[in-house]
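Q: A structural model of the following input is requested.
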Amino acid sequence: MGIIIAVIIFGLIVTVHEFGHFICAKLSKVRVLEFSIGMGPKLIQKKSGETMYSLRLLPVGGYCAMEGEDEDSDDPHSFRSAKLWKRMIILAAGAGMNFVLGFTTIVVMMSMLDSLPTTQISGFSAVELEDGTLERQSGSYDSGLRHDDIFYKIDNSRVYSMLDLKLILTSSPENVHDVTVIRNGEKIKIDDVNFRSPDGGTIDFSLVYEDKTPAAIVKGSGKMFMSMGHIVGLSLKQIVRGQAKKEDVSGPVGVVTAISETTQESESLEDIIFQLVYMTSLITINIGILNLLPIPGLDGGRLMFCLIELVRRKPIKPEHEGYVHLAGMVLLFGVMIFATYNDIVRLITGGV
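A: Residues are numbered from 1 along each chain as shown. Sure thing, here's the model as predicted:
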């Protein structure tokens with residue numbers, strides 16, 4: 001069941017991404033030769049007008065093949081015949097649609113909550129004494145945080161939502177952080193805040209929850225969207241800086257495994273739906289950001305060549321650009337194979 005759900009999620013994300021390229025190409029009157037969901041052998045194909053629509057075996061990608069995208073073409077409706085700004089919109093539209101899907105699924109997720117969490121402190125950890133009274137035991141309060149403070153930054157890392165708070169405080173080996181809060185409308189920096197709760201954890205405060213209104217849902221969804229993008233950015237920084245372990249690299253098999261575990265461990269249908277919507281949001285935002293990176297073979301790599309053309313006022317030769325993208329695709333396939341190898345090793349060893 002988990003595999004079927006994973007295929008549906010991947011299929012939705014890929015379809016939305018490629019539809020962004022497709023619809024913008026059509027609106028720009030660029031000839032689309034094939035619109036494919038999936039990679040590998042064809043399962044179904046049908047031609048309508050100038051475009052072949054196909055469904056392929058492997059749900060790990062897809063493409064929108066346009067006339068003259070990687071070679072010279074005399075067709076006035078080829079990709080390279082379109083104006084530069086139109087080509088840039090077509091290339092960016094895939095990631096743009098990923099972001100639209102991400103925001104939409106976050107709205108669905110936020111709508112499922114009874115009330116909406118903020119980043120404003122409502123109280124601090126306390127323990128009940130033998131006489132029934134409560135005694136505050138919170139390291140962050142002792143360090144200077146107060147009621148109604150709104151988290152703004154932790155260790156120079158921006159805090160957009162409760163998701164950032166949990167990620168930063170639970171993933172760091174240290175309990176002491178430099179914190180910037182908004183207090184009475186002003187930003188105040190408090191150094192060496194020690195987050196320590198009676199049970200030994202780092203979440204020693206509670207947060208204000210807002211009533212669920214349409215405006216609050218949209219506002220909260222925007223902040224959650226920023227948080228998810230922030231998480232992707234932090235992960236990329238760790239990879240670039242060499243802080244991420246090679247064993248942590250995961251691919252499609254790992255995602256499928258995570259989805260399967262989610263469906264098995266969730267206690268109710270509502271919880272399953274909530275977790276799957278959350279994972280869909282994070283995956284599609286992740287894919288959107290990764291596709292915009294200036295890596296040959298990705299949309300961002302092609303946008304980079306458009307920017308070079310904008311500066312040079314003439315395009316790079318298609319065959320030269322094609323060689324660069326081919327090298328990028330070989331590298332990306334190598335990374336995917338490595339990630340899949342890691343996933344299989346984790347399955348065999350049980351994550352050890």
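
Q: Next secondary structure after the lowest-mean-pLDDT helix or strand in the chain?
A: Averaged element by element with mean pLDDT, DSSP states H and E, the chain has its least confident helix or strand at helix 252-265 (a mean of 62). Scanning the chain past helix 252-265 towards its C-terminal end, the next helix or strand to appear is helix 269-291 (assignment: DSSP states H and E).

Q: Render the CA-only coordinates of the helix or strand just after that following helix in CSV, please.
A: Reading on from helix 269-291 to the C-terminus, the next helix or strand found by DSSP H and E is helix 299-312. Output of helix 299-312 as CSV, limited to C-alpha atoms (Å, rounded to 0.1, in the frame of the first residue of the first chain):
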residue,chain,number,x,y,z
ASP,A,299,16.2,23.8,-15.1
GLY,A,300,18.5,26.1,-13.1
GLY,A,301,21.4,25.1,-15.3
ARG,A,302,19.4,26.0,-18.4
LEU,A,303,18.4,29.3,-16.8
MET,A,304,22.1,29.9,-16.1
PHE,A,305,22.8,29.7,-19.9
CYS,A,306,19.9,32.1,-20.5
LEU,A,307,21.5,34.6,-18.1
ILE,A,308,24.8,34.2,-19.9
GLU,A,309,23.0,34.9,-23.2
LEU,A,310,21.4,38.0,-21.6
VAL,A,311,24.9,39.3,-20.7
ARG,A,312,26.7,38.3,-23.9
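
Q: wait, isn't Ile150 in contact with Ile182?
A: Yes - Ile150 lies in contact with Ile182 (CB atoms under 8 Å); the separation is 4.2 Å. Any C-beta I mention is one placed from the backbone N, CA and C, and that applies to glycine too.

Q: For stretch 199-211, buried residues please.
A: The neighbour-count check on stretch 199-211 (16 or more other CB atoms under 10 Å) flags Thr202, Ile203, Asp204, Phe205, Leu207, Val208 as buried.

Q: any chance of the residues you listed in JSON lines, plus distance to Gln275 and pLDDT?
A: JSON lines is the format used below for the buried residues of stretch 199-211 (distance: CB to CB, whole Å; pLDDT from 0 to 100):
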{"residue": "Thr202", "distance to Gln275": "23", "pLDDT": "84"}
{"residue": "Ile203", "distance to Gln275": "20", "pLDDT": "88"}
{"residue": "Asp204", "distance to Gln275": "26", "pLDDT": "91"}
{"residue": "Phe205", "distance to Gln275": "25", "pLDDT": "94"}
{"residue": "Leu207", "distance to Gln275": "21", "pLDDT": "95"}
{"residue": "Val208", "distance to Gln275": "24", "pLDDT": "96"}
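
Q: wait, which of the residues you listed is closest to Gly132?
A: When the buried residues of stretch 199-211 are compared for distance to Gly132, the smallest value, 21.6 Å, is given by Asp204; criterion: CB to CB.

Q: Need phi/psi at the closest residue to the closest one other than its chain neighbours.
A: Among residues not flanking Asp204 along the chain, Ser197 sits closest, at 3.7 Å (CB to CB, 6 or more residues apart in numbering). Backbone geometry at Ser197, expressed as degrees, to the nearest 10, gives phi -110, psi 170.

Q: can you pull the contacts of Ser197?
A: Contacts here follow CB atoms under 8 Å, 6 or more residues apart in numbering; on that basis Ser197 touches Ser125, Gln137, Ser138, Gly139, Ile203, Asp204.

Q: now for the residues you listed, which pair is the farthest apart?
A: Checked with CB to CB, the contacts of Ser197 reach their widest spread between Gln137 and Ile203, with 13.1 Å between them.

Q: Next, the buried residues of the helix or strand where Leu163 lies.
A: When elements are assigned from DSSP H and E, Leu163 belongs to helix 162-171. Of all the residues in helix 162-171, those buried under the rule 16+ other CB under 10 Å are Met162, Leu163, Asp164, Leu165, Leu167, Ile168, Leu169.

Q: Please dump those into JSON lines; it should also carry distance to Gly68 for every row.
A: Compiled in JSON lines, the buried residues of helix 162-171 are given as follows (distance: CB to CB, whole Å):
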{"residue": "Met162", "distance to Gly68": "48"}
{"residue": "Leu163", "distance to Gly68": "43"}
{"residue": "Asp164", "distance to Gly68": "44"}
{"residue": "Leu165", "distance to Gly68": "49"}
{"residue": "Leu167", "distance to Gly68": "44"}
{"residue": "Ile168", "distance to Gly68": "47"}
{"residue": "Leu169", "distance to Gly68": "51"}
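
Q: Let me know the closest of the residues you listed to Glu50.
A: Distance from Glu50 was checked for each of those by CB to CB. The minimum falls on Leu163, at 44.2 Å.

Q: Test my guess that the closest one contacts Phe225.
A: No - contact criterion CB under 8 Å: Leu163 and Phe225 do not qualify, at 10.3 Å.

Q: what helices or strands is the helix holding Leu163 leaning on?
A: Other elements packing on helix 162-171 under the criterion 3 or more CB pairs under 8 Å, 6 or more residues apart in numbering; DSSP states H and E are strand 116-124, strand 150-154, strand 157-158, helix 214-240.

Q: could you check the angle strand 116-124 makes with it?
A: Computed by axes from the mean of the first three to the mean of the last three CA atoms, to 10 degrees, the angle separating helix 162-171 from strand 116-124 equals 50 degrees.

Q: can you give me the angle helix 162-171 makes with helix 214-240?
A: Relative orientation of helix 162-171 versus helix 214-240 (the same axes, to 10 degrees): 40 degrees.

Q: what are the pairing partners of the helix or strand that helix 162-171 is followed by, and which direction each?
A: Beyond helix 162-171 in the direction of the C-terminus, DSSP H and E gives the next helix or strand as strand 176-183. Sheet pairing for strand 176-183, assigned by DSSP bridges, gives strand 150-154 (antiparallel), strand 186-194 (antiparallel).
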